[in-house]
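**Q** Need the 3D shape of this:
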Amino acid sequence: MRRKTKVKICLCLVIFIYLCVTVYCLYAMLKRDKVPQEGWDSIENKFGPIQTQPSVKKHDIISRGARNGKQVHIVEVWGKAAIGLYFWEHIMNAELESKMGGVWSYGQKMVKNIQFRYRDFPKIPPDSVDVTKEREYTCNFLGTVYPDSSRTTLMEIIDQYQLRKICKVVPRYEWVPNETAESLDNYIESLETSDLTLNPVGKNTECYRIYEAMSLGSVPVIEDIATQGMCHSFSLRLFKKHKAPVIYVKNWKQLKDVMNQESKLSTNEKIQRRKLIIDWYDSFKLRMRNEFIHILQTRFFNIKER
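**A** Numbers count the residues shown, from 1 in each chain. Model prediction:
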């Protein structure tokens with residue numbers, strides 16, 4: 001009998017704590033006090049604060065929608081992995097606020113008559129990258145080398161042609177889930193100081209390294225093969241559709257030819273290429289945002305654009 005009583009007390013205590021946290025979260029969402037965003041300090045110190053558009057308050061959205069006679073649609077964006085954060089900050093160019101001391105994040109943005117709400121790769125302003133500065137390395141590769149993968153082949157090619165003399169190569173043989181401030185700084189520096197960034201496939205064909213390299217003017221050298229899994233068989237289709245100025249290889253044995261072509265480029269040609277990749281990536285994100293909005297309006301809300 002006493003045991004049952006203790007179980008009931010524990011259960012009531014758990015429910016009480018859960019309700020307290022829920023109420024606090026709702027209060028924080030409604031109050032929306034501005035809290036400085038934590039994390040990624042090294043990137044903001046290096047490139048300056050992230051440029052974001054002013055947030056739209058709820059009563060402004062409702063009054064504006066009522067005044068224009070248009071219905072306001074609400075779309076929730078729930079970010080379980082890094083792709084959600086990338087979509088919100090990079091594609092939507094929206095602001096994110098830390099709540100409860102960084103326990104969770106929240107943001108909202110109004111685009112046309114759709115209000116986006118976000119719940120829980122730093123964004124680098126294009127004009128903050130010095131494309132004229134000479135880069136120390138021809139290429140870079142910082143990543144995990146999986147056994148029996150093309151990354152093993154890449155390391156063999158790098159050693160065979162002694163590319164460590166001109167490239168920054170820092171392999172690791174065990175995946176590490178969380179970056180330290182030191183490893184993050186080292187990674188950013190490798191992209192900043194290299195003209196090419198090598199992108200062997202890992203568990204998937206695409207990786208954040210491709211986008212991070214473009215944001216810093218380092219041209220991705222991408223292994224163009226499809227990996228196993230649920231991904232589309234036509235890998236990198238958006239890059240190819242929008243004619244991304246990247247370099248594709250089918251096998252890392254082609255890396256020698258890529259390096260030979262690289263050695264023939266003048267300093268001015270490299271500068272122009274850095275500008276091209278940064279500008280293309282910036283416009284690509286805008287096209288992805290507009291396409292996403294268009295699909296939402298036409299397929300979900302039956303809104304026909306004029």
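
**Q** which regions of the stretch 101-250 of the chain sit below the pLDDT cut-off?
**A** Scanning the stretch 101-250 of the chain with the threshold set as pLDDT under 70 gives 101-104, 120-122, 177-179, 229-231.

**Q** 80 - rerun?
**A** Low-confidence segments of the stretch 101-250 of the chain (pLDDT under 80): 101-106, 119-123, 175-181, 184, 203, 228-233.

**Q** quick one, helices of it?
**A** 150-160, 181-192, 208-215, 237-241 (DSSP state H, counting those that start in this stretch).

**Q** okay, those, which one's buried deepest?
**A** Compared across the helices of the stretch 101-250 of the chain, helix 208-215 shows the largest average neighbour count, a mean of 20 (mean count of other CB atoms under 10 Å). Bear in mind the C-beta positions are built from the backbone N, C-alpha and C, glycine included.

**Q** relative orientation of that helix and helix 181-192 in degrees?
**A** On the basis of axes from the mean of the first three to the mean of the last three CA atoms, to 10 degrees, helix 208-215 is oriented at 60 degrees to helix 181-192.

**Q** on contacts alone, who are the packing partners of helix 208-215?
**A** Contact here means 3 or more CB pairs under 8 Å, 6 or more residues apart in numbering; DSSP states H and E; on that basis helix 208-215 packs against helix 82-86, strand 194-199, strand 219-223, helix 267-295.

**Q** List the neighbouring strands of the second one plus their orientation.
**A** The strands that strand 194-199 pairs with in its sheet are strand 137-144 (parallel), strand 219-223 (parallel) (by DSSP bridges).

**Q** Run the chain-centre distance for that strand.
**A** Distance, stretch centre to chain centre, for strand 194-199: 17 Å (CA atoms, centre = their mean, to the nearest Å).

**Q** Now do that strand against helix 150-160, angle only.
**A** Going by the same axes, to 10 degrees, strand 194-199 makes 140 degrees with helix 150-160.

**Q** Show me which positions of strand 194-199 end up buried.
**A** 194, 195, 196, 197, 198, 199 (16 or more other CB atoms under 10 Å).

**Q** coming back round to it: point out the most buried one among the strands paired with strand 194-199.
**A** Highest mean neighbour count among the strands paired with strand 194-199 (mean count of other CB under 10 Å): strand 219-223, with a mean of 24.

**Q** Now do that one: everything it contacts.
**A** Residues from elsewhere that reach strand 219-223, judged by CB atoms under 8 Å, 6 or more residues apart in numbering: 139, 150, 195-201, 205, 209-210, 213-214, 236, 239, 245-250, 252, 255, 258, 273-274, 277.

**Q** Stretch 279-288 too?
**A** Residues from elsewhere that reach stretch 279-288 (CB under 8 Å, 6+ apart): 90, 91, 93, 126, 211, 214, 215, 238, 242, 244, 245.

**Q** Which one of those residues is nearest to residue 70?
**A** Checking the contacts of stretch 279-288 against residue 70 with CB to CB, the nearest one is residue 93 at 22.5 Å.

**Q** wait, the closest one sits on residue 289?
**A** Yes. The criterion here is CB atoms under 8 Å, and residue 93 meets it with residue 289 at 7.2 Å.

**Q** Alpha carbons of stretch 132-139, in PDB - could you do that?
**A** Provided in PDB are the C-alpha atoms of stretch 132-139 (Å, rounded to 0.1, in the frame of the first residue of the first chain):
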ATOM      1  CA  THR A 132      41.300  39.400 -53.200                       C
ATOM      2  CA  LYS A 133      43.500  38.000 -50.400                       C
ATOM      3  CA  GLU A 134      45.900  35.400 -51.500                       C
ATOM      4  CA  ARG A 135      45.100  31.900 -50.200                       C
ATOM      5  CA  GLU A 136      47.700  29.800 -48.600                       C
ATOM      6  CA  TYR A 137      46.400  26.400 -49.800                       C
ATOM      7  CA  THR A 138      45.300  25.000 -53.100                       C
ATOM      8  CA  CYS A 139      42.800  22.700 -51.500                       C
END
